[in-house]
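Colleague: this is the structure alone, sequence omitted:
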């Protein structure tokens with residue numbers, strides 16, 4: 001009986017290791033795109049609210065790459081005189097063939113799930129989500145376009161399409177400058 005249990009456990013471990021080895025843990029060329037965001041970045045934020053002057057603020061984004069595959073982000077800023085904090089996880093889902101991301105922040109009570117693609121020619125990562133307006137709770141679509149200017153500068157532009165609107169409108173632009181080590 002003891003031998004049968006040992007053989008069963010050994011077979012289970014062998015199967016587990018076979019499955020783990022079949023999944024390539026090596027970061028791919030897609031993960032190199034995520035690695036471009038690693039480090040500490042100073043952010044100049046401009047929010048566009050229809051009918052009002054643009055609101056400007058500053059923030060800091062700190063990104064670290066986990067196992068060469070997952071970009072873990074922490075953002076601290078101030079919006080409209082209130083402290084803001086956000087956290088994201090970005091990666092590449094090989095099964096979907098898309099970049100994937102999650103986002104939570106102090107302005108909302110839900111988690112955003114995004115996916116998208118990278119365009120090598122324009123050096124732009126585009127992520128999209130079906131989400132909700134944090135102020136009204138109504139459905140909206142969101143699109144984030146991050147253009148990599150060079151190793152030390154990138155710009156993320158946020159577009160939203162509110163429930164009932166036909167077009168996306170620019171909501172926010174963040175210009176990032178990487179801090180020197």
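Modeller: Received it, and whenever you're ready, just let me know what you need. In this text, all values refer to a predicted model and were calculated from it rather than measured experimentally.
Colleague: which stretches of this protein form strands?
Modeller: Assigned by DSSP state E, the chain shows strands spanning 39-47, 55-66, 70-79, 82-93, 98-105, 112-119, 124-132, 139-150, 153-162, 169-178.
Colleague: nearest to residue 26, of these?
Modeller: Taking Cβ to Cβ, strand 82-93 is the member of the strands of the chain nearest to residue 26, at 12.2 Å. Where C-beta positions appear, they are placed from N, C-alpha and C, glycine not excepted.
Colleague: out of the strands of the chain, which gets nearest to residue 30?
Modeller: Taking Cβ to Cβ, strand 82-93 is the member of the strands of the chain nearest to residue 30, at 3.9 Å.
Colleague: picking up where we left off before, mind putting the strands of the chain into CSV with mean pLDDT?
Modeller: Shown next, in CSV, are the strands of the chain (pLDDT from 0 to 100):
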stretch, mean pLDDT
strand 39-47, 96
strand 55-66, 95
strand 70-79, 95
strand 82-93, 96
strand 98-105, 96
strand 112-119, 97
strand 124-132, 95
strand 139-150, 95
strand 153-162, 95
strand 169-178, 95
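Colleague: looking at the sheet around the closest residue to residue 98 other than its chain neighbours, what are its partners?
Modeller: Here the nearest residue to residue 98 in space, its sequence neighbours aside, is residue 115; by Cβ to Cβ, 6 or more residues apart in numbering that works out to 4.5 Å. According to DSSP bridges, the residues that bridge with residue 115 are residue 100, residue 128.
Colleague: tell me the contacts of residue 115?
Modeller: Residue 115 makes contact with 93, 96, 98-101, 127-129, according to Cβ atoms under 8 Å, 6 or more residues apart in numbering.
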